[in-house]
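Novice: Provided below are the primary sequence and the corresponding predicted coordinates.
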Amino acid sequence: MILLGLSIITLTVCAQQGATTDNGKRVILNDNGTWKYDSLVVPAPESTEADLATYPTFTKPAGSKALLRSQKTNAGLWYNAALWKKSDNPFSEAAEFTLLTKNSEAFCMVISERIQIPYEMFRDAVITNGKKTTSEFKVLNEEYRNVNGNKIKAITAKATKSGVNFVFTYYLHSSEKGTTQVVVYTSENLYAENKQRFEELLNGFVIIR
């Protein structure tokens, strides 16, 4: 199940990759880490600090006492070591950290990049990458969240790979320090029993200042 899931969960950026934002503008990402709107008219910033206060608010669980700290960005992830174990053999070269439950039925990858990606590009990039390697990829839910005072794009999607149905939840954060993806997933039939465990893990996301 790990191998089936890995090929579809990573949001990757290719040279001159384009996307259409929620407000209809075209965004171009270059392979040198720069990006620009493919238009002379640049839209206003998507959100402000005032907007952050209107998002659903989530905080780090008390039981999350172990910290994974990125060496590429200023992000970190607190997790409950009684529920999750860190893998010494990352599932993918793209992953900075990987975690799995003690029964090895649910998984997490933390992917860090120094490239800053516009928030409005996340949905399109997730769908584009998902559809490349699956027979079916569908976004089930998406929203912005305030997680420990940080803006997060949360996306839950269902995908079918080699006849197996998976459910993924992405926490996506971007700033001038880079982009961080925290992705949790399991098979569709096991998602409900792992949902609370996933939420607690995802809500351990922090920015270390």
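Specialist: Nice, thanks for sending it over.
Novice: could you measure residue 128 against residue 170, distance?
Specialist: 13 Å (C-beta to C-beta, to the nearest Å). From N, CA and C alone the C-beta is placed, and that goes for glycine too.
Novice: Settle it for me: which of the two has more neighbours?
Specialist: residue 170 (24 against 17; other C-beta atoms under 10 Å).
Novice: I'd assumed residue 154 was in contact with that one.
Specialist: Yes. Residue 170 lies in contact with residue 154 (C-beta atoms under 8 Å); the separation is 7.0 Å.
Novice: Can you pull the residues that touch both of these two?
Specialist: Common contact partners of residue 170 and residue 154 (C-beta atoms under 8 Å, 6 or more residues apart in numbering): none.
Novice: This structure: helices as residue ranges?
Specialist: With helices called from DSSP state H, the chain shows them at 2-9, 49-52, 122-133, 188-202.
Novice: Identify whichever of the ones you listed lies nearest to residue 162.
Specialist: For the helices of the chain, proximity to residue 162 was assessed by C-beta to C-beta; helix 2-9 is nearest, at 5.7 Å.
Novice: Just the mean pLDDT for the closest one, thanks.
Specialist: What helix 2-9 shows for mean pLDDT is 49.
Novice: now do stretch 115-128
Specialist: 89.
Novice: Can we start the residue count at 16 from this point?
Specialist: Done: numbering now begins at 16, and the last item shifts to stretch 130-143.
Novice: Dump the helices of the chain into a markdown table; add distance to residue 195 as well.
Specialist: Converted to a markdown table, those look like this (distance: least, C-beta to C-beta, whole Å):
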| stretch | distance to residue 195 |
| --- | --- |
| helix 17-24 | 14 |
| helix 64-67 | 17 |
| helix 137-148 | 12 |
| helix 203-217 | 12 |
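Novice: separation between residue 114 and residue 190?
Specialist: Counting by C-beta to C-beta, the gap from residue 114 to residue 190 is 23 Å.
Novice: higher neighbour count, the two?
Specialist: More neighbours surround residue 114 than the other of residue 114 and residue 190, with 24 against 14 (other C-beta under 10 Å).
Novice: Go ahead and confirm the more buried one touches residue 103.
Specialist: No. Assessed by C-beta under 8 Å, residue 114 is found out of contact with residue 103, at 11.4 Å.
Novice: Run through the residues that contact residue 198.
Specialist: 24-25, 123-126, 183-186 are the contacts of residue 198 under C-beta under 8 Å, 6+ apart.
Novice: Tell me how many other residues crowd residue 126.
Specialist: Neighbour tally, residue 126, other C-beta under 10 Å: 23.
Novice: and the closest residue to it other than its chain neighbours, what pLDDT?
Specialist: Nearest residue to residue 126 in three dimensions, chain neighbours excluded: residue 196, at 4.3 Å (C-beta to C-beta, 6 or more residues apart in numbering). On the pLDDT scale, residue 196 is placed at 94.
Novice: pretty sure residue 196 contacts residue 187?
Specialist: Yes. Using C-beta under 8 Å, residue 196 makes contact with residue 187 at a distance of 5.7 Å.
Novice: Now residue 92. Nearest residue, chain neighbours left out?
Specialist: Closest to residue 92 by C-beta to C-beta, 6+ apart is residue 83, at 4.6 Å.
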